[in-house]
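**Q** Sequence and predicted structure below; questions after.
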Amino acid sequence: MAATPGGFSGKVLRVDLSTGKISTQDTVDRYGDVLGGTGIGYQVLWEEVPAGTGPFDPANKLVFATGVLAGTGVPCNGRTAVTTIFPTCWPQPLVASGHMGGQFAAKLKYAGYDALIIEGRSEKPVWLFIRDKRVELRGAAHLWGAGIRRANLEISQEMGADCVVAAIGQAGEKLAPMAIVANSLSHSAGGVGGVMGSKNLKAIGVQGSGAVRIAGDKDEWEQLIKFHLSILGGNNQHVVPSFPTPQSEYYNPGSRWLGEPGKRWGAAQPPIEITGNIHDLNRIAFRTNSAAFFLGEGAWQHTVRGNGCTACPIRCHTIVKVPSVAAKYGIREIAQNTCVGLLFGRSFFKTLPGGMKGQTALEACMVGMHLADDLGLWCNYGQLQRDLQKLYHDGLLKAKLGSAEYASIPWDKYEAGDPAFLFDILPRIGQRRGELGQVLSQGTAGLFGQWSIPEETWTQDHNTLYWKLGHPKHHANEDDGQCGVIINTQYNRDAQCHSHSNFVRNGLPLEVQKRLAAEIWGSPDCVDGVGDYTPMNLHKARRARWSLVRKELHDSLGLCNWMGPWVASPLKSRGYLGDDSLESKFYSLATGRKLGREELDRMGERIFTLHRALTIRDMGQMNMRARHDQVPGWVFEDPAGAPPFSKGSIRMDRGDMAKAMDLFYKVMGWDKTTGAPTQETYSRLGLREVGQSLRAKKLVPGDAA
Amino acid sequence: MDAALSRRGFLLLSACALSGITALGLSEALGADPSLVILDNAKGMVLADPSRCVGCQRCELACTEFNDGRAQPSLARVKIERAMNFGPEGPTGGAAMQGTWGNGLVMQGVCRQCPHPVPCEMACPQEAIQADPQTGARVVLADNCIGCRMCQRACPWGMIVFDEQRHKASKCFLCHGKPKCVEACPSGALRFVPWRDITREGRASGATLPALSADKAKTCVECHPTSPK
């Protein structure tokens, strides 16, 4: 077997469900220029999925791709990008990716594969068995109709307890656009479950006994990993604690580094006290407690432990134990998830008895996880819940839904803040029952498409947090002014980028951030205080570009862009500087192919530009500025009427944002009028043929005339 | 009684250990190449606290990356992967399930650096498993290992790994006294502590010593005569 020197596992596995053909390709030969992850996903879609392909057409492909650093000991790896023609994108489906952590990425690499491409459609329900070189399609008739947990259990019985299973639930089987595929209980990729269902693929079980080789010197590798650990902060790379302590010069109540000495994992047996030095590398796992961050102080007593992805010391999924739900609702007393997954149930309610961080809220979260993570239902970053709230409270639901169906829903429980309401509403949506189930399972797209609610009803209402194309904002102007807005214009779903917000929210004082920003991006002016924005400048455009490039880079290396990048650190001795070249150092050592920071960033930019090219091709037009890169109206308003650039307001200015887009297009090498990459830019990034292909369709600026 | 036994064991060991064999003339008694049977007790061991384990596998990765230059949990000499999903109960759906799909507990697998009779060492027909002179860790001498897997069969704790590529067995060697797994644990769930006999604690996987070579059996008789003296 021709082994790669390291990093890459070496093969891409291809499974054609229509014919049953299973084959492999050499990763580096075929996809080396796009690294992995979303890079491979975009390339496969560019080369093999024609424009106009629908998400549930057999011609659509589903690309599960990890990256060079997945499966290694590099902190915060463990990510798999699942790229496909995305079903929740409105008014037309376009390319996008769901991303999952857990153990799937590492296992796929140990089995020998950097990526898995699913093609066609099986006649009957099947699941995919992968044990190293042995790959088979097996019948899934006995699993069809089952939830994700049962699918996991039965496949684990068949394969062995050490396998990892990525499965869809009933939502995916029923081709709900709002469906996930999930592995390791709580690690899900949103929006792609229905695509898997359309292919009659219930699950992928993976066992791997092989290695990810490290090409470079192992001592050097060990030192670099230890260095990376030393510059880690808490969740989202918040580098100062949320509490005052003599052990840290700074603290910030907004930090997600919550593990204060004296707190305890109260549901561990016996409880575990957090003690000692907060910087101790053998205590990193105690820094973060997502449950306490999202659910409030009361969550500590319910904390069993932290959990998370392979090799990540920041355990962002918290295992919580709430015995009361077993008696009240007959569900498991233990659950785990993070962020919007943790809040899935609670977020449907406008108010709850005891408040949004009280006991009832906690129970709503438990019921939500119990249902959603088994049905395989996605929340579209909380948009599903916000949509239902708006539909209900604005009277839209009553107006749109037939009276019999409306009356069949226990709204009294909803009004009363009774978590039992979720037992009615979630299966309705997950199993697509009735008109409400049909509509909401399409995501916000269902409201605009099936119910003909004008999109402006959502874009004008700040409370919806709705952005565009059927999806919400994701760290926009509430975190990072113009940078956040630019980033939120770029994708076909919510932006999922954290490179920018993880810096501005890292908890360091603004003057320290500005000093670091000058070192990293060349000017202190590229950073503003949160909610204290200044007019646009070129440096902000450069930082937006850097943020997007690093996001794609992380998604293509198997790294977590929720935790990275690592440009700031908790280390006073380093002046709080992190390391802007960690990714390239790791890449070089792992693969044995030495690449500098700029060269690797260029690959990230290539991947990001390929996403742009795919979007242009599939939209059949290059005027991205007018047709794609939109900003919702609420961004330009302030609830109290404050003008733009007033301290305390996140309101943006239309003229300033137009300038922001001008500058952003400029630093990207894109045409200012249309926001489309020029042929020169395609060529500079090694995408000459992509540009030429678009040129033939008159989709490259300068050719239209 | 246990304490008395281990003291006696220690005396026997001291008397019969490698350095003592020549003095006692056992070498002559047993022929040119006597089988070595009794190993000095290890000085330290890796101790695991399941209630602290967060299932990140950083220990498994540190073990194989920093020692072998490759990330490969299947070859790790500390075991997390196998217990992460369901624990020893396996995917039964029963109430005793541990791990991610059960009560959350992860039972790490660590080498107990067993006292005499050391199952892996006793089972080795090549004397490829010996005590490290510095730490007393039971280590596989790769040059001697012929890849017969008898040690893997013998270990009651499932702690012998087998490198299919090199066709050699391997096991925890305590990283020459500074275990990398311990250093790598982000929650303090692994500690390097002075050795004590924990082979009667916890649940073994049930493997037993499958066979003893004739040479070794002959050595055993020196201390354990078939009929009372």
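**A** Structure received.
**Q** make it CA atoms for all contacts and neighbour counts henceforth
**A** Fine.
**Q** Low-confidence ranges, the chain, go.
**A** Using chain A here. A:1-3, A:703-705 (pLDDT under 70).
**Q** ah, I was thinking of chain B
**A** Short version for chain B, where the test is pLDDT under 70: B:1-36, B:206-210, B:227-229.
**Q** Point out the residues in it that sit beside chain A.
**A** Counting by CA under 8 Å from any CA of the partner chain, the residues of chain B lying close to chain A are B:51-52, B:54-58, B:61-62, B:65-74, B:81-86, B:90-93, B:100-101, B:103-104, B:183-188.
**Q** When you filter those residues down to buried only, what's left?
**A** Restricting the residues of chain B next to chain A to buried positions leaves B:51-52, B:54-58, B:61-62, B:65-67, B:69-74, B:81-86, B:90-91, B:100-101, B:103-104, B:183-188, with burial counted as 16 or more other CA atoms under 10 Å in any protein chain shown.
**Q** out of these, which are inside helices?
**A** B:58, B:61-62, B:65-67, B:81-84, B:183-184 (DSSP state H).
**Q** Any idea how many residues pack against A:Pro277?
**A** If you look again at residue A:277, you'll see it is Asn, not Pro. 12 (other CA atoms under 10 Å in any protein chain shown).
**Q** Assign a three-state SS to A:Phe64, would you?
**A** What DSSP: H, G, I helix; E, B strand; the rest coil gives for A:Phe64 is strand.
**Q** can you pull the contacts of it?
**A** Counting by CA atoms under 8 Å, 6 or more residues apart in numbering or on different chains, A:Phe64 makes contact with A:37, A:41, A:80-83, A:115-117.
**Q** Also A:Leu694?
**A** So A:Leu694 contacts A:613, A:617, A:700 (CA under 8 Å, 6+ apart).
**Q** Roughly how far does the second one sit from A:Gly145?
**A** A:Arg617 sits 37 Å away from A:Gly145, taking CA to CA, to the nearest Å as the criterion.
**Q** going on from the longest helix along chain A, what's the next piece of helix or strand?
**A** Criterion DSSP H: the longest helix present in chain A is helix A:597-619. Next helix or strand after helix A:597-619 toward the C-terminus (DSSP states H and E): helix A:624-627.
**Q** Pull out the buried positions in that next one.
**A** Residues of helix A:624-627 classed as buried: A:624-625 (neighbour count, 16+ other CA under 10 Å).
**Q** Now find how far off-centre that helix is within its chain.
**A** 24 Å (CA atoms, centre = their mean, to the nearest Å).
**Q** How about the longest helix of chain A, which residues are buried there?
**A** For helix A:597-619, using 16+ other CA under 10 Å, the buried residues are A:600-619.
**Q** The residues you listed: which ones sit near chain B?
**A** Applying CA under 8 Å from any CA to the buried residues of helix A:597-619, none is adjacent to chain B.
**Q** quick one: contacts for A:Asp217?
**A** A:589, B:69.
**Q** run the last query once more with 10 Å
**A** When contacts are counted by CA atoms under 10 Å, 6 or more residues apart in numbering or on different chains, A:Asp217 touches A:589-590, A:592, B:66, B:69.
**Q** cool, A:Gly41 as well?
**A** Counted by CA under 10 Å, 6+ apart, A:Gly41 has contacts A:31, A:34, A:61-66, A:81-84, A:95-97, A:115-117, A:556, A:607, A:611.
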